[in-house]
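Participant: Here's a sequence, model it:
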Amino acid sequence: MQQGYAAVLCVLAVLGLEAAAPGECELTRLLQDKLQYEMRLQYMKHYFPIDYTVQVQYEEVLRPSNITRLRNGTVSEAALRYLWFHVSSQAVLRIREVLPEKHPSWKYTQELCQLFDALGEEYSKYRQVRIPA
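Facilitator: Residues are numbered from 1 along each chain as shown. Purely as a prediction, here's the structure:
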């Protein structure tokens with residue numbers, strides 16, 4: 001098992017892939033604003049106890065090297081955007097599961113979840129068609 005939510009959130013911010021649809025562009029911009037380094041540092045580091053970790057499976061960690069390999073391969077940008085969305089939204093949900101409602105980061109993670117939910121709805125509009133790999 002891998003430990004650490006900070007690495008997951010870093011990947012969230014690093015991999016904010018370019019968006020294609022207008023609704024997707026706006027939601028991605030809002031997510032990018034929410035995932036700025038200063039906000040992640042404030043809400044996901046300073047408000048957590050030292051050495052606090054969230055247990056994740058090895059397969060749940062999306063590494064930049066894997067994205068580079070996929071980009072260099074035959075995976076489309078649309079598929080990469082959807083992969084980024086799926087992994088990122090699941091990471092935020094995992095973090096939110098362990099936070100008590102009165103935690104200072106609860107509202108921040110709730111806003112992230114709402115943005116990911118909206119982005120998921122946007123994807124469902126055109127995800128009905130098979131995305132070429």
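
Participant: Please identify the buried residues of stretch 97-109?
Facilitator: Leu99, Ser105, Tyr108, Thr109 (16 or more other CB atoms under 10 Å). C-beta here means a position set from N, CA and C on the backbone, and glycine is covered the same way.

Participant: Could you list the buried residues of the helix or strand that the third one is a member of?
Facilitator: When elements are assigned from DSSP states H and E, Tyr108 belongs to helix 106-126. Judged by neighbour count (16+ other CB under 10 Å), helix 106-126 contains these buried residues: Tyr108, Thr109, Leu112, Leu115, Phe116, Ala118, Leu119, Glu122, Tyr123.

Participant: try stretch 74-90
Facilitator: For stretch 74-90, the neighbour count (16+ other CB under 10 Å) marks Val75, Ala78, Leu80, Arg81, Tyr82, Leu83, Trp84, Phe85, Val87, Ser88, Ser89 as buried.

Participant: Closest one to Leu62 out of those residues, please.
Facilitator: Distance to Leu62, by CB to CB, is smallest for Val87 among these, at 4.4 Å.

Participant: returning to that earlier point: alpha carbons only: can I get the helix holding Tyr108 in CSV?
Facilitator: Extracted in CSV, the C-alpha atoms of helix 106-126 (Å, rounded to 0.1, in the frame of the first residue of the first chain):
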residue,chain,number,x,y,z
TRP,A,106,-14.1,19.9,5.1
LYS,A,107,-15.5,22.9,3.1
TYR,A,108,-12.5,22.9,0.8
THR,A,109,-12.9,19.2,0.0
GLN,A,110,-16.7,19.6,-0.4
GLU,A,111,-16.2,22.4,-3.0
LEU,A,112,-13.7,20.1,-4.8
CYS,A,113,-16.2,17.3,-4.8
GLN,A,114,-18.9,19.6,-6.2
LEU,A,115,-16.6,20.7,-9.0
PHE,A,116,-15.7,17.2,-9.8
ASP,A,117,-19.4,16.2,-9.8
ALA,A,118,-20.2,19.0,-12.2
LEU,A,119,-17.3,17.9,-14.4
GLY,A,120,-18.6,14.4,-14.3
GLU,A,121,-22.0,15.6,-15.5
GLU,A,122,-20.2,17.5,-18.3
TYR,A,123,-18.3,14.4,-19.3
SER,A,124,-21.5,12.3,-19.3
LYS,A,125,-22.9,14.5,-22.0
TYR,A,126,-20.4,13.5,-24.6
